[in-house]
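Enquirer: Using only what follows, build the 3D model:
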Amino acid sequence: MTDVRSVMRDIKADLESTEHRIREHRYLTILDAGQVSTEALRAFPGHQYHMWLSIVRSAAQFVQRFGDREYCDFFMGDLEAGIRSSAGILALARKLGMTEDDLRLYQPTADGFAFAAYFAWLSVYGSAGQIACGRALNVAAWGHNCLRMSRSLRERYGFSEADTGFLDVFANLPALEDRALEIIQDDLDNGVAPHRIAWAARMMQSYEVEFWDAMAAAADA
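Expert: Numbering: from 1, shown residues only. As a prediction, this is how the structure comes out:
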């Protein structure tokens, strides 16, 4: 039997440099320094509004596909977090002078939206273990960046806790890895190859880098 902890250890080692690129992204550095303009900051809720509409639908698809499994709660948690955080995007946008109509009309960039597109692909074609592995690693990195961004917006840009509620939901999510390991082990026991699980995690984290690259490009424009 393939040991899931060994598989996860190898995946983390392979993704170490990608993880560093996410958590130490240049966008967060210039945000910490207060060097991102209001116009550039609007790219974040502008992208997230469209991404979250897609991501919540994908999370619902996870629940539909795996609703009869003993680990359905893992995927239900994803859906609930998405629904719970949605109103926070509007609050963040309002602080930046954007209405919901502005968000509807916002045109996300291809690289900025790529994560949501891949998430939708996983909702149709991904195995439970692929999704769980990717989510466990991604939620940890995304939550780290949300915490850092939330602090920067409050300390440098005059945002309140009410304004940063969207970010704070993810900054305070519990770790998913222990629960994910059970799901990944089930995949392995049922013949899913470790490299397929690693591939999904690598793709998800790579698209996460692309999102932050898109935010940096908006800041540089």
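Enquirer: how about Arg69, secondary structure?
Expert: When classified by DSSP: H, G, I helix; E, B strand; the rest coil, Arg69 comes out as coil.
Enquirer: If you drop the residues flanking it in sequence, what lies closest to it?
Expert: Using Cβ to Cβ, 6 or more residues apart in numbering and skipping residues adjacent in sequence, the residue nearest Arg69 is Ala128, 6.8 Å away. C-beta coordinates here come from the backbone N, C-alpha and C atoms, glycine included.
Enquirer: Could I get the contacting residues of that neighbour?
Expert: Arg65, Phe66, Arg69, Tyr71, Phe75, Ile183, Asp186, Asp187 (Cβ atoms under 8 Å, 6 or more residues apart in numbering).
Enquirer: With Ala136 instead?
Expert: Residues near Ala136 by Cβ under 8 Å, 6+ apart: Ala175, Leu176, Glu177, Arg179, Ala180.
Enquirer: Switch the residues you listed over to CSV; also include distance to Val192 and neighbour count.
Expert: Below are the contacts of Ala136 laid out as CSV (distance: Cβ to Cβ, whole Å; neighbours: other Cβ atoms under 10 Å):
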residue, distance to Val192, neighbour count
Ala175, 23, 11
Leu176, 18, 21
Glu177, 18, 17
Arg179, 17, 17
Ala180, 14, 24
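Enquirer: export these to JSON lines and tack on pLDDT?
Expert: What follows is the contacts of Ala136, written out as JSON lines (pLDDT from 0 to 100):
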{"residue": "Ala175", "pLDDT": "90"}
{"residue": "Leu176", "pLDDT": "92"}
{"residue": "Glu177", "pLDDT": "94"}
{"residue": "Arg179", "pLDDT": "94"}
{"residue": "Ala180", "pLDDT": "96"}
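Enquirer: which one of the residues you listed is nearest Leu79?
Expert: The closest of the contacts of Ala136 to Leu79 turns out to be Leu176 (Cβ to Cβ; 13.6 Å).
Enquirer: Now do the closest residue to the closest one other than its chain neighbours, the pLDDT please.
Expert: Counting by Cβ to Cβ, 6+ apart, Ala136 is the residue found nearest to Leu176 once chain neighbours are left out, at 4.2 Å. At Ala136, the pLDDT value in this model is 96.
Enquirer: Sticking with Ala136, tell me its helix or strand.
Expert: Per DSSP states H and E, Ala136 falls inside helix 128-156.
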